[in-house]
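Undergrad: Structure here, sequence nowhere to be found:
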């Protein structure tokens, strides 16, 4: 592999268990949604998110209507920044109360720390909001590991399945795409990053998969 100056990593299914997001974070936000809206409807951050939502749907909604719509979006796994921003606030409260603990694979933590110590810049690209990303990495069994990362990117920069998003990220970190390695468990995301000129590695932690990209079972198997 060519000299890599930076690594861009996905979270779900890559650094962290898919089940953590699917079976812990999403159900938590779904369960807490109505009460959170009622309790925080006057908060400035929540108001700003709701105003963006009302603008998107073209009308003002009651708390119940808002909760019903957002619950539907959660069930549909919509990659909608409005939803992701609100979920980030709910998860923040959950982490603060000790009701949530971020998951990260041991191999991911060990290798990310090693690469950081070697001077390789680390970045995150996830469909979850930047706030949610920071929360997860600041509440792990290894403590707050946000210091490992030089930047975070979410759906606001573009779709993870669009090569344009990876070109924008490379430009944002002042690197050429070919100086970066993208890690993900999703073939379509890796295809987009490859089209943009990045190096790619696919994480397949369980089972088998066909891929046009280098496949590894864990971070220990990634050679840089």
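TA: Sure thing, it's come through. No experiment lies behind these values; they were computed from the predicted model shown.
Undergrad: Surely residue 193 and residue 182 touch.
TA: Yes - the pair residue 193 / residue 182 is scored as a contact, 3.9 Å apart, by Cβ atoms under 8 Å. Where C-beta positions appear, they are placed from N, C-alpha and C, glycine not excepted.
Undergrad: Need the overlap of contacts for these two.
TA: Jointly contacting residue 193 and residue 182 under the rule Cβ atoms under 8 Å, 6 or more residues apart in numbering are 8, 166, 200.
Undergrad: can you redo those as JSON lines with distance to residue 110, secondary structure and pLDDT?
TA: Below are these laid out as JSON lines (distance: Cβ to Cβ, whole Å; DSSP: H, G, I helix; E, B strand; the rest coil; pLDDT from 0 to 100):
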{"residue": "8", "distance to residue 110": "19", "secondary structure": "strand", "pLDDT": "98"}
{"residue": "166", "distance to residue 110": "26", "secondary structure": "helix", "pLDDT": "98"}
{"residue": "200", "distance to residue 110": "21", "secondary structure": "strand", "pLDDT": "98"}
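Undergrad: With distance to residue 214 and neighbour count added, can I get these in a markdown table?
TA: Formatted as a markdown table, the shared contacts of residue 193 and residue 182 follow (distance: Cβ to Cβ, whole Å; neighbours: other Cβ atoms under 10 Å):
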| residue | distance to residue 214 | neighbour count |
| --- | --- | --- |
| 8 | 15 | 26 |
| 166 | 17 | 27 |
| 200 | 7 | 23 |
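Undergrad: related to what we said a few turns ago, so which of residue 193 and residue 182 has more stuff around it?
TA: Legend: neighbour count by other Cβ atoms under 10 Å for residue 193 and residue 182, higher for residue 193 (31 against 28).
Undergrad: I figured residue 170 hits residue 182, correct?
TA: No - at 10.1 Å, residue 170 does not count as touching residue 182 under the criterion of Cβ under 8 Å.
Undergrad: shared neighbours, those two?
TA: Residues touching both residue 170 and residue 182 (Cβ under 8 Å, 6+ apart): residue 198.
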